[in-house]
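Enquirer: My questions concern the predicted model and sequence given below.
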Amino acid sequence: MFQIKNLTVEADHKKILNDFNLDLQEGAIHALMGPNGTGKSTLCRVILHDPEYNVAKGEILYHDHDLTKMTTTAIAGEKIFMLCQSPIAIEGVTNAELLRTALSEKSGQPINIFQFNQKMEAICDKLDLPREFIHREINVGMSGGERKKSELLHLWMLEPEFIMLDEIDSGLDVDALKVVAQSINEYYAQFHPTILIITHHNKLLELIKPEYVHIMMEGKIVASGDASLATKIENEGFKAFNISGLGNNE
Ligand code: ADP
Ligand code: MG
């Protein structure tokens, strides 16, 4: 369903992903772990076809489409969604404006404002976000935790089928982490999307339990297995996966 084959990616004349291969099972939760600077965020950006990155070789197949040949808008239309490590602020555009536009574009019809508002309010309540966030400019003046919750509001409204969570736990306090994890678990139980969770911390994987764990080092997957791989990393660090030819990243 989601297959990355022999993907080599460069930015600024530097090779970041190097003959990268990964298969994801539809409707499963996958975790991707790896040291800083190994190319995890790059992978997410390339999946969304960020023009900063040059795909030198390989393909990203999603339901038989090659995403490397599609525009970011078309990829979003395939219901692929990313929650960034550091969500950016967009001045002058409110959450409601963005979501209204995206939803009416998707359905090709004007949306029902009453239902739209009702749904937004219910999601804010569940996320422990003030309802006034609906009409706030996207992430402007928001704390790290508020930004992550605000992106989750987008997720619930847009109902994606493939979700990348890039270090969603960074910058969250314990309470916010619980709310966020619970919200994702609830979304998963309701819609069964495919999820790729990127994290350094086993704590998050205790809250959102992955079926598969993949370890990435120096631009490649070096091991795939079940959740016990995450425990191994917690106990031994990434050096447990050092294979010949790779450095000593931890
Ligand atoms: P991770 O998310 O695993 O910590 P990144 O994907 O952010 O790693 O980065 C992997 C490597 O690629 C790092 O060395 C980073 O500096 C480099 N890199 C990422 N994006 C760019 C870019 N747009 N231009 C140049 N180098 C980049
Ligand atoms: Mg990263």
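Expert: Structure received. Small disclaimer: the values here were computed from a predicted structure and weren't measured. Residues are numbered from 1 along each chain as shown. Ligands and ions are numbered 1, 2, ... in the order given.
Enquirer: Get me the contact residues on the chain for ligand 1.
Expert: Taking CB under 6 Å from any ligand atom as the criterion, the chain approaches ligand 1 at residues 11-12, 14, 16, 34, 36-42, 52. In short, each C-beta sits where N, CA and C put it, glycine included.
Enquirer: so which of the residues you listed comes closest to A89?
Expert: Using CB to CB, S41 comes nearest to A89 of the residues of the chain next to ligand 1, at 18.2 Å.
Enquirer: who's in contact with the helix or strand hosting that closest one?
Expert: When secondary structure is defined by DSSP states H and E, S41 falls within helix 40-47. Residues external to helix 40-47 that are found in contact with it (CB atoms under 8 Å, 6 or more residues apart in numbering): 4, 7, 9, 11, 16-17, 20, 32, 34, 52-53, 55, 60, 67-68, 75, 80, 82, 84-85, 164, 166-167, 196, 198, 216.
Enquirer: distance between stretch 202-218 and the chain's centre?
Expert: 13 Å (CA atoms, centre = their mean, to the nearest Å).
Enquirer: Can I get that stretch as PDB, trimmed to CA atoms?
Expert: Once non-C-alpha atoms are left out, stretch 202-218 reads as follows in PDB (Å, rounded to 0.1, in the frame of the first residue of the first chain):
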ATOM      1  CA  ASN A 202       9.600   4.900  24.200                       C
ATOM      2  CA  LYS A 203       7.200   6.900  26.500                       C
ATOM      3  CA  LEU A 204       5.100   8.000  23.500                       C
ATOM      4  CA  LEU A 205       5.200   4.400  22.100                       C
ATOM      5  CA  GLU A 206       3.700   3.200  25.400                       C
ATOM      6  CA  LEU A 207       0.800   5.600  24.900                       C
ATOM      7  CA  ILE A 208       0.400   5.000  21.200                       C
ATOM      8  CA  LYS A 209       1.300   1.400  20.600                       C
ATOM      9  CA  PRO A 210       2.900   0.700  17.300                       C
ATOM     10  CA  GLU A 211       2.600  -2.700  15.600                       C
ATOM     11  CA  TYR A 212       5.900  -2.300  13.800                       C
ATOM     12  CA  VAL A 213       9.100  -0.400  14.700                       C
ATOM     13  CA  HIS A 214      11.700   0.600  12.100                       C
ATOM     14  CA  ILE A 215      15.200   1.800  13.000                       C
ATOM     15  CA  MET A 216      16.900   4.300  10.700                       C
ATOM     16  CA  MET A 217      20.600   5.200  10.700                       C
ATOM     17  CA  GLU A 218      22.500   7.300   8.200                       C
END
